[in-house]
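> The following comprises the amino acid sequence and a computationally predicted model.
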Amino acid sequence: MKTRKLLRLLTLVIVMMLMATGCVSQTAAPAATQAPTEQAATEATTEPATGSTEVPVVKIGFVWPLTGGSATIGQQHSDGALAAIEEANANGGILSMGGAQIEAVVYDSETSPDVGSSRVETLCTKDNVDIVVGCYNSAVTFPASEVAQRYSTPFISMGGVKNEITERGYEWVFRVNNKASYDVAEMLKGIDLCLTTYPDVAADIESDGGLTYALVYESTDWGSDNARIWKEEADKRGWTCVLDEPVTSGQSDMSPQALKIKKANPDVINFSFYTNDAIVFTKALYANKINPRLGVWSVGGGSQDAAFYQACSPAEYEYSFVQEDWNVSMPYLYDWAAKISEDCYAKNGYYITSFYAQGWTAAKVAIAAIEAAGTTDKEAIKTALQNFDVKLEDCADSHIILTGYPRIKFDENGQNTYASGTIIQYQNGVQIGLSPLTAATPGYTPIIPIPDDFATRGSNSKPWGTKPDVK
Amino acid sequence: MNTTERTNFFQGKIFAILGVLILLVVPNFVSTNVQIVFILILFYGLCASCWNIVCGFVGELSLGHAVFLGFGAYISTLLLMDGSLSPWVGMFIAAIITAAFGVIVGLPCFRLHGPYFALTTIALGELIRIFVENNEKVFGINIRGAMGLVLKQTGNQFIAFEFANKITYYYVLVAFVAVTILVTWLIKNSKLGYYLTAIKSDPDAAESLGIKLTKYKLIAMAISCFMISFAGTFYAQYFRYVGPTRIFSHDMSVQIALIALVGGQGTVFGPLLGACLLVPITEFLSEEFGGTMPGLHLFIYGIMMVLVVLYMPQGIYKNVTGFFKKLEYKIFGWDKANRKSIGKGVK
């Protein structure tokens, strides 16, 4: 009898939880969608373009990895996207549509390709969104964008770097961020910058038989793609691969990989891992005192995640190079970006990251495309995206390009060819922008060869997120 | 068949027939989004039913069945991409190869029992996933490593297993599920089924009676792998992408096993019933809370799983069918005597 009573009680609790969360969902929707302020709504109502008194609603669908291996990253994308919509609504919504409110419909891809595809399908068929934005992971974005293509719904890819996402001739798919080949090109340019800045180091490497590198990456679509492109480009330069090490995601210890690297003794280590693996790998490198003379280079991923810097000590990531998928100097270069960063900190407890900026920019591009189209007709939105052309210097009011790309303009494949990131190096725990020049922190140069200062490393480091002292 | 016999035939089955009718008819009149949920119900129901053939009847817990699902998906897709072979033909080739692989795997694995068998199947799943993720080519065939296989859109082509609407995919799955249920029913009511039940109940006793344990377990394994391979082909054609990280994943294996366990292992309709319960819940929770409260849907799903396992360890099949039979007797006012006679008749 007791068991039955307990069962009934538990069932009651679950039903109540379901009802309660259901209620939250309904009331949270406007919060998540960041409905316009009363003032904006009034303006929109009093001056509708169509002459109707009813304010239309524009729906933007988002699919991010909110659970699973990339959860912390997806959450930052979502934070940025929702904040962008909040700002747009506060500024009157879609003005060309009489101040239409923007409603965000957010789904979780669970970092899974089939779930992500299903959610995009739900957005297209059930929620009837006007445009879809997602999905960060290349493996999810790839099939999910195909669903959008099938339903003739504009799809803005943000985060996924797999080259082929915009190489399939899909007219409904647009990618704002960089491709994998751009990432690698930026890192190689960064290494070139190091070598040209320090010719003596370059000469040493040359006298030792040329530059050697080790590739360590998670054995997924993204990691393998990055390693493949790196190898292709490095081969062209005559560099030697001394270790090519795919690693299964979810390792609790990467000492074996660290020992292999130590044995191979490369000049450069390039790794691509999401947050958890990036933490484990970085700690293993530090514990084994691995110190390649040209440093450890990460192709973003987990190394751009605020959670990474909470888990690792400054000593562990000191001197490391990261290919950040945005211009890290944005908050120092533009007041409006600095304000967004402060707002982000106040609301979420972290200053803007690459992921936050990406989510923001993707949402802003979607909003701007609808604004340009002046309608929710998907064909018109697609045309607006095809004709989209915004420069960073023109974003003082619109705040579209928080990522700091010099321009957003899509080529015939839907790829923003102006997407670029920043090569940064951690110096005393502070992110120092090195290349390109537009993102470089004035007065700094890369530190190579990496000092063998394990005994004191990190002792003077400032907390992560500290602004650099511009010299 | 006179009227009384006809009445007797329907007694105790009316809700089951209604359920089947719902699955057959309702998807025609619902939105595409609901059709997708129906497709997922049948897909996971199909996978769980295949798992049930070997694990439900033999009583071993396989937590690596996604491997066979992935084999079906990969082989038929590679035959289509590299050999331009229609998936309708390719899926049979894939099924034969998968069944053969299942037998090869089963030979050493069936020497183990209980947790050892379960652990071995987990290891097998991880082994295959890691192997595929890290190898571009196998025997000269380009399996594209972690990048996975991508099927390009070719339009609405029956021969290419590509349809313009969801309902066609759904009815293809209905056919697959119907065949699998029929095969399961035939096994359950055949000599093989009795042998498997005997093996499950007491392997030593079954062996002492002359039942060759390994032989019949392997037969069940081959049938299970053969059938789940079709589900793999469907997965590839439906999602148009097969990546090793998902299709060979431990998550997928556990999901298949849990659906069958919750539904009722060793029963003909239990796994499908499990899918009818769990898949809509998963979809509903994920859609409702996935974006606003990340992880809550998984939390609630987990609690429900724990409750089912704690209070209905044999699965929901008996409770659900019992409930609907009682309801049926109440609605139609059939007396208990008649009920007993029907019960005997069914026996």
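Nice, I can see it.

> ok but residue A:235 is inside a helix, no?
Yes. Assessed by DSSP: H, G, I helix; E, B strand; the rest coil, residue A:235 belongs to a helix.

> Now do the contacts for residue 150.
Since you didn't name a chain, this refers to chain A. residue B:153 (Cβ atoms under 8 Å, 6 or more residues apart in numbering or on different chains). Where C-beta positions appear, they are placed from N, C-alpha and C, glycine not excepted.

> try chain B instead
Contacts for residue B:150 (Cβ under 8 Å, 6+ apart) come out as A:142-143, A:164, B:240-241.

> so what are the domain limits for chain A?
A:54-178+A:335-409, A:181-324+A:421-439 (automatic domain parsing).

> all strands for the stretch 1-150 of chain A, in order.
Along the stretch 1-150 of chain A, the segments classed as strands by DSSP state E, counting those that start in this stretch run A:57-64, A:101-108, A:131-135.

> again with chain B
Using DSSP state E, the strands of chain B run over B:137-138, B:141-142, B:149-150, B:241-242.

> Each with direction, which strands does the third one pair with?
To tie it back to what came earlier, the one meant is strand B:149-150. Applying DSSP bridges, strand B:149-150 is found paired with strand B:241-242 (antiparallel).

> For the strand it pairs with, what does the pLDDT average out to?
Averaged across strand B:241-242, the pLDDT comes to 88.

> Got the confidence number for the nearest residue to residue A:213 once chain neighbours are set aside?
Of all residues not flanking residue A:213 in the chain, residue A:268 sits nearest, at 4.3 Å (Cβ to Cβ, 6 or more residues apart in numbering or on different chains). On pLDDT, residue A:268 comes in at 97.

> For residue A:268, grab phi and psi.
Dihedral pair for residue A:268: phi -130, psi 140, per degrees, to the nearest 10.

> Name the residues of the stretch 51-200 of chain B found near chain A, please.
Contact residues, the stretch 51-200 of chain B versus chain A (Cβ under 8 Å from any Cβ of the partner chain): B:130, B:133-134, B:145-148, B:150, B:152-153.

> Now which of these would you call buried?
B:130, B:133, B:145-148, B:150 (16 or more other Cβ atoms under 10 Å in any protein chain shown).

> just the helices in the stretch 1-150 of chain B please.
In the stretch 1-150 of chain B, the helices defined using DSSP state H, counting those that start in this stretch lie at B:3-10, B:14-25, B:32-51, B:57-58, B:66-83, B:87-109, B:114-133.

> can you put those in a markdown table and add mean pLDDT?
A markdown table is the format used below for the helices of the stretch 1-150 of chain B (pLDDT from 0 to 100):
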| stretch | mean pLDDT |
| --- | --- |
| helix B:3-10 | 61 |
| helix B:14-25 | 88 |
| helix B:32-51 | 93 |
| helix B:57-58 | 89 |
| helix B:66-83 | 95 |
| helix B:87-109 | 95 |
| helix B:114-133 | 90 |
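
> Present those helices as CSV; the columns should include distance to residue A:311.
Supplementary listing: the helices of the stretch 1-150 of chain B in CSV, determined by distance: least, Cβ to Cβ, whole Å:
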stretch, distance to residue A:311
helix B:3-10, 63
helix B:14-25, 48
helix B:32-51, 36
helix B:57-58, 45
helix B:66-83, 31
helix B:87-109, 39
helix B:114-133, 25
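
> Return the most buried member of the domains of chain A.
Comparing those by mean neighbour count (mean count of other Cβ atoms under 10 Å in any protein chain shown), domain A:54-178+A:335-409 ranks first with a mean of 23.

> ok, residue B:29 - how many residues close by?
8 (other Cβ atoms under 10 Å in any protein chain shown).

> One more: residue B:129?
Counted with other Cβ under 10 Å, residue B:129 comes out at 26.

> Now do the contacts for it.
Contact analysis of residue B:129 by Cβ under 8 Å, 6+ apart lists B:70, B:244-245, B:248-250.

> what do you get for residue A:380?
A:373-374 are the contacts of residue A:380 under Cβ under 8 Å, 6+ apart.

> Name the helix or strand for it, please.
Using DSSP states H and E, residue A:380 sits in helix A:378-386.

> if I pick the spatially closest residue to residue B:154 that is not a sequence neighbour, what's in contact with it?
Spatial nearest neighbour of residue B:154, chain neighbours left out: residue B:160 (5.2 Å); criterion: Cβ to Cβ, 6+ apart. Applying Cβ under 8 Å, 6+ apart to residue B:160 gives the contacts B:80, B:86-87, B:154.

> let's go with 10 Å and repeat that
The contact partners of residue B:160, by Cβ atoms under 10 Å, 6 or more residues apart in numbering or on different chains, come to B:80, B:84, B:86-88, B:151-154, B:237.

> Narrow those to just the buried residues.
Members of those classed as buried by 16+ other Cβ under 10 Å are B:80, B:86-87, B:151, B:237.

> Just the closest of the residues you listed to chain A, please.
Nearest to chain A among the buried ones among the contacts of residue B:160 is residue B:151, at 9.0 Å by Cβ to the nearest Cβ.

> Now the residue nearest to that closest one when sequence neighbours are not counted: phi and psi?
In this structure, residue B:151 finds its nearest non-sequential neighbour in residue B:240, 4.3 Å apart by Cβ to Cβ, 6+ apart. Phi and psi for residue B:240, reported as degrees, to the nearest 10, are phi 60, psi 20.

> my read: residue B:240 touches residue B:163, true?
No. Residue B:240 lies out of contact with residue B:163 (Cβ atoms under 10 Å); the separation is 11.6 Å.

> List the contacts of residue B:182.
Contact analysis of residue B:182 by Cβ under 10 Å, 6+ apart lists residue B:268.

> so who does the closest residue to residue B:24 other than its chain neighbours touch?
Excluding the flanking residues, the one nearest residue B:24 by Cβ to Cβ, 6+ apart is residue B:174, at 6.8 Å. Listed by Cβ under 10 Å, 6+ apart, the contact set of residue B:174 reads B:20, B:23-24, B:27, B:38-39, B:42, B:46.

> Kindly report the same for residue B:159.
Residue B:159 neighbours (Cβ under 10 Å, 6+ apart): B:86-89.

> Closest to residue A:239 out of those residues?
Relative to residue A:239, the closest of these is residue B:87; by Cβ to Cβ it sits at 43.0 Å.

> quick check, residue A:244 in a helix?
No. Checked against three-state DSSP, residue A:244 lies outside a helix; its state is strand.
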